[in-house]
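Visitor: Dropping the sequence and predicted coords here.
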Amino acid sequence: QVQLVESGGGLVQAGGSLRLSCAASGRTFSSYGMGWFRQAPGKEREFVAAISWSGGSTYYADSVKGRFTISRDNAKNMVYLQMNSLKPEDTAVYYCAAGGYGAVGSMYDYDYWGQGTQVTVSS
């Protein structure tokens, strides 16, 4: 069982940066692949970024590639999403998720979800 709590969301102007954090409980955190997803009003939840259990592999949606960076610290049970050059279309609720070793871009790869943190980018 893993519990996830996101933080770091807020209101930022276009071109700005935010760093999201996800704190995980559980002694087996390092065995999970971790991901970030987002959901804008009226839209389906979509994949943003994922990182393997070791942190050795990362994956990104095309829409955020080059602007966002996912990282993890297994010693602290933390996952991060550094978001730079933010755009109004990045506005959404961002969710942290934990899944199996092979978890990447599909929601169905992930077993545990946080409650989300709101990111709003003004133009």
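Guide: The structure has been received and is ready for your questions.
Visitor: any low-confidence regions in the chain?
Guide: Nowhere does the chain drop to pLDDT under 70.
Visitor: Return the set of residues that bridge with the spatially most central residue of it.
Guide: Centroid check for the chain by Cα atoms, centre = their mean gives residue 36 as the closest residue, at 2.3 Å. With DSSP bridges applied, residue 36 shows beta-bridge pairing to residue 49, residue 96.
Visitor: All the strands of the protein, in order from the start?
Guide: 4-7, 10-13, 18-24, 33-39, 46-51, 58-60, 68-73, 78-83, 92-99, 110-113, 117-122 (DSSP state E).
Visitor: thought residue 47 was touching residue 64?
Guide: No. In this structure, residue 47 is not within contact of residue 64 by Cβ atoms under 8 Å, at 9.5 Å. Just so you know, the C-beta spots here come from the backbone N, C-alpha and C atoms, and that holds for glycine as well.
Visitor: Now the residue located most distally from the centre of the chain: closest residue in space that isn't a chain neighbour?
Guide: Distance from the C-alpha centroid of the chain peaks at residue 123, with 22.5 Å (Cα atoms, centre = their mean). Nearest residue to residue 123, sequence neighbours excluded (Cβ to Cβ, 6 or more residues apart in numbering): residue 88, at 4.7 Å.
Visitor: And stretch 98-107, end to end?
Guide: 10 Å (Cα to Cα, to the nearest Å).
Visitor: How about stretch 56-70?
Guide: 11 Å.
Visitor: I'd like the distance from that stretch to the chain centre, please.
Guide: 10 Å (Cα atoms, centre = their mean, to the nearest Å).
Visitor: ok, now stretch 46-66?
Guide: 9 Å.
Visitor: for stretch 22-41, same thing?
Guide: So, by Cα atoms, centre = their mean, the centroid of stretch 22-41 is 7 Å from its chain's centroid.
Visitor: still on that earlier bit, thought the residue farthest from the centre of the chain was touching residue 90?
Guide: No. The pair residue 123 / residue 90 is not scored as a contact, 11.3 Å apart, by Cβ under 8 Å.
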